Structures are given as C-alpha cells and as structure tokens.
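Chemist: need a structure here:
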Amino acid sequence: MSRLLIRNGTVYDPANGVDGEVRDIWIEDGRVISPPIDPHSKPERVIDASGLVVMPGGIDMHCHIAGPKVNAARKMLPDDHRRSPVLHRTEITRSGTTGSVPSTFATSYLYAGLGYTTAFDAAIPPLAARHAHEEFLDTPLLDKGFFVLAGNNQFVMKQLKAKQPQLVRAYLGWLLNATKGYAIKAVNPGGVEVWKSRGLGNVSGLDDVVDYFDVTPRQIVRGLAAAVDELRLPHPLHVHCNNLGMPGNWSTTLETMRALEGHRGHLTHIQFHSYAGDPDDQATFGSRVPELAEYVNSHPNLTVDVGQVMFGRTCSMTGDGPLGHYLHRVLGGKWFSCDGEQECGCGIAPITYRRKSLVHALQWAIGLEWYLLVDDPWRV
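Modeler: Model prediction:
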C-alpha cells in the first residue's frame with residue numbers, strides 16, 4: 001500500500017461541505033482515506049500544500065478528444081499546429097502538438113495542468129468506438145469515457161416507427177456493452193438523417209417527419225430518454241438540440257425540454273440553443289435565456305451545460321452535419337463532412353470568435369446568463 005499525505009492545504013470540497021478549511025488529506029492507492037488511527041503511521045510521500053488550494057479534480061463532461069472527427073480536424077489544421085507551441089519530450093512526458101485540436105498526449109498534459117482529472121468525449125459513432133479506446137490509451141493522466149451517438153440511428157428509428165420501445169431499450173443496452181460507452185447521445189435528432197438522405201436537408205422543428213422512417217425528432221428524444229431511464233444509466237440522455245446556432249432556436253429548445261417531461265435529460269452547450277430573432281435577419285439576434293432558465297429551474301429532471309464561448313481561434317467539431325455546412329457557408333473557410341454509415345454524421349469547421357463581433361459578444365454574454373440564472377449550481 002502506497003500512502004500520500006497532502007499537508008496543510010486549504011481544502012474546498014462542496015460535495016462534503018468543506019469550505020476553505022486547512023486540513024491534511026491522506027490518500028492510499030489513489031483513494032482519499034480517513035487519517036490513520038495509529039499516531040506512528042507515516043506516509044511514503046508528503047506534499048506541503050501550505051498556502052495552496054486543494055480541491056477535487058475537474059470533470060469535463062462534454063469534450064472532443066478522440067474519434068474520427070478529432071482526427072479529421074487534426075489533419076485539417078496543420079497551420080494551427082505550426083503557430084501553436086510544441087510540447088517537447090522530457091524524461092517523463094511525450095512530445096506533442098497543441099493548438100485547438102492537440103495530439104493525444106498533449107491533450108492529457110494540458111488538461112492535467114488545468115486541474116482536470118476526468119474527461120468524456122461527447123460524440124463517438126459506434127463503428128469508431130474501438131479506435132476511440134485506442135486513442136484513450138495514448139491519453140494518460142485522465143479518467144476517460146465517451147457517449148455513443150444514437151439520435152439518427154436507423155435501427156432505433158425503425159423500432160420507434162414500429163412502436164417497439166422494448167427493442168430500443170435492448171438495442172441501446174447492447175450498444176453500450178459492445179462499445180464500452182458511458183452514455184447515449186442524440187445530435188440534431190432526425191436532422192442528420194435528413195441531411196444524409198436528402199442532401200442539404202434538415203429538420204426545422206420537433207414535429208417534422210424524418211423521410212422513410214416516419215418518426216419525428218420529438219419521438220426520437222422521448223423514445224431514447226425513456227430507454228435510458230429504464231436502463232438506469234448514471235447519465236441521462238445527452239441531447240444536442242435541433243437548430244443549433246440559429247436565431248430563434250430557443251422555441252425548439254423549449255419544446256425539447258417539454259418532450260423530456262417525465263424523463264431525465266441533459267441539454268448540452270445550451271448557450272447555442274438560447275437565441276431569439278429571425279434566421280433571415282441577423283439584426284434581430286438576441287437572448288431568450290430567462291424563459292429557458294425558468295423552465296429548467298422548475299423541472300428537476302433537467303440538467304444543462306453551457307458551452308461558453310471563449311474568444312480566439314478554435315475548431316467546431318460536431319456530429320451535426322448540417323451545422324458544419326452552415327458554418328462553412330457563413331465563414332467561408334475549410335469544411336469537412338462525413339456520413340457515419342447508418343449511424344450518424346460529422347461536420348468540422350475552423351472558427352475564430354472575435355471580441356468585436358456583435359454576434360460573438362452576445363454569445364459570450366448569453367453563456368454568462370445561464371450561469372447566473374440557474375438556481376441550482378449542481379444542474380449547470
């Protein structure tokens with residue numbers, strides 16, 4: 001048994017009600033333990049944390065660090081790698097490139113430097129699960145997992161059309177076991193299938209009918225959420241709502257929340273789904289966060305993450321194919337789209353968020369609204 005003592009640190013542990021107390025923390029085999037009863041017990045290593053903050057490691061519950069979209073983005077952005085600092089090999093670390101899409105080892109080192117200990121990739125196609133696990137093996141220091149894409153899965157939609165919820169439940173259980181995924185993800189439910197089958201198509205709302213399958217995004221969301229609850233998964237259905245980034249999309253988001261009535265649901269990067277305005281008139285772009293936050297506050301079955309905009313150069317990587325094309329048309333830069341056979345899609349587009357852009361500044365402010373208006377910090 002290997003014991004570590006972190007001595008005299010100022011401890012913040014909200015889960016256990018510890019708020020800035022100077023304490024000693026004992027760790028044995030990677031787990032926090034009670035202080036030994038034997039006064040002569042000594043640790044193998046002592047870290048003097050006097051004057052330092054000690055707190056639980058950060059968890060990034062929605063990131064993109066593995067899988068086909070990330071590797072496509074790495075290949076798309078050699079210019080980003082060239083202009084960004086390079087991590088050189090040391091006696092204990094590997095070399096790597098940084099930028100908006102770092103290499104695997106660099107990803108883990110950068111996360112650890114920020115205090116993160118856990119990260120979940122939020123969009124892995126079932127067919128790419130094996131390779132995602134192989135990438136995770138080259139991403140040390142972090143505990144890792146991923147969410148499996150199922151919101152445009154043809155087998156799921158066929159069973160929903162046939163009104164066979166038990167087969168949806170069984171299939172999702174098999175899918176998670178086969179892929180060793182952690183949760184189920186729905187990206188632009190139904191919309192990606194329309195994009196793949198119709199070319200430049202998409203759904204505009206929760207009650208549009210998906211061609212051939214005769215199901216709606218609302219049915220997909222409810223069917224998946226019910227199956228996830230029946231499987232008693234630790235994380236609820238992880239939903240990337242329809243119409244991401246479009247002015248006026250707040251009404252679609254509200255309808256998605258209502259579709260989750262009676263089931264758990266997590267709405268991701270909610271900032272991008274909280275806009276007022278007319279899609280054809282950028283001057284009307286604005287926020288409808290107060291209405292959405294009020295709904296979340298009154299419905300404990302819902303959780304959200306913000307998707308806060310940070311100014312600077314980055315890369316949009318998403319399972320939402322039509323969104324990737326929309327960004328390409330708006331930005332005029334590089335663009336990658338991929339059809340994940342019968343399971344999902346992919347869209348990649350580099351983007352720079354600018355401080356002097358009205359839209360980007362509003363997106364930044366809208367994210368802050370979410371942090372300030374949700375009453376329960378454990379649900380945002």
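Chemist: Which residue ranges of the stretch 151-300 of the chain form strands?
Modeler: 183-187, 237-240, 265-267, 275-278, 281-287 (DSSP state E, counting those that start in this stretch).
Chemist: residues in contact with the first one?
Modeler: Read that as strand 183-187. Applying CB atoms under 8 Å, 6 or more residues apart in numbering, the external contacts of strand 183-187 come out as 120, 122-123, 145, 147-152, 172, 175-176, 220-221, 224, 227-228, 233-240, 318-320, 344-345. (Glycine included, C-beta is placed from N, CA and C.)
Chemist: Among the residues you listed, which lie within helices?
Modeler: The helices, defined by DSSP state H, take in 172, 175-176, 220-221, 224, 227-228 from these.
Chemist: Quick one: low-confidence residue ranges for the protein.
Modeler: 1 (pLDDT under 70).
Chemist: What ranges does the stretch 1-150 of the chain have for its strands?
Modeler: Going by DSSP E, counting those that start in this stretch, the stretch 1-150 of the chain shows strands at 3-13, 18-28, 31-33, 45-48, 53-54, 58-63, 86-87, 96-97, 116-124, 143-149.
Chemist: Quick check: the residue nearest to residue 144 when sequence neighbours are not counted vs residue 122, distance?
Modeler: Among residues not flanking residue 144 along the chain, residue 136 sits closest, at 4.6 Å (CB to CB, 6 or more residues apart in numbering). Look at residue 136 and residue 122: by CB to CB, to the nearest Å, they are 14 Å apart.
Chemist: okay, these two: which has more neighbours?
Modeler: Neighbour count, other CB atoms under 10 Å: between residue 136 and residue 122, residue 122 has more, with 27 against 20.
Chemist: what's near enough to touch the more buried one?
Modeler: Residue 122 neighbours (CB under 8 Å, 6+ apart): 61-64, 146-147, 185, 238, 268.
Chemist: One more pass at 10 Å, please.
Modeler: Contacts for residue 122 were tallied using CB atoms under 10 Å, 6 or more residues apart in numbering; they are 60-65, 67, 145-147, 149, 183, 185, 187, 238, 240, 268-269, 305, 317-319.
Chemist: From those residues, list just the buried residues.
Modeler: 60-65, 67, 145-147, 149, 183, 185, 187, 238, 240, 268-269, 305, 317-319 (16 or more other CB atoms under 10 Å).
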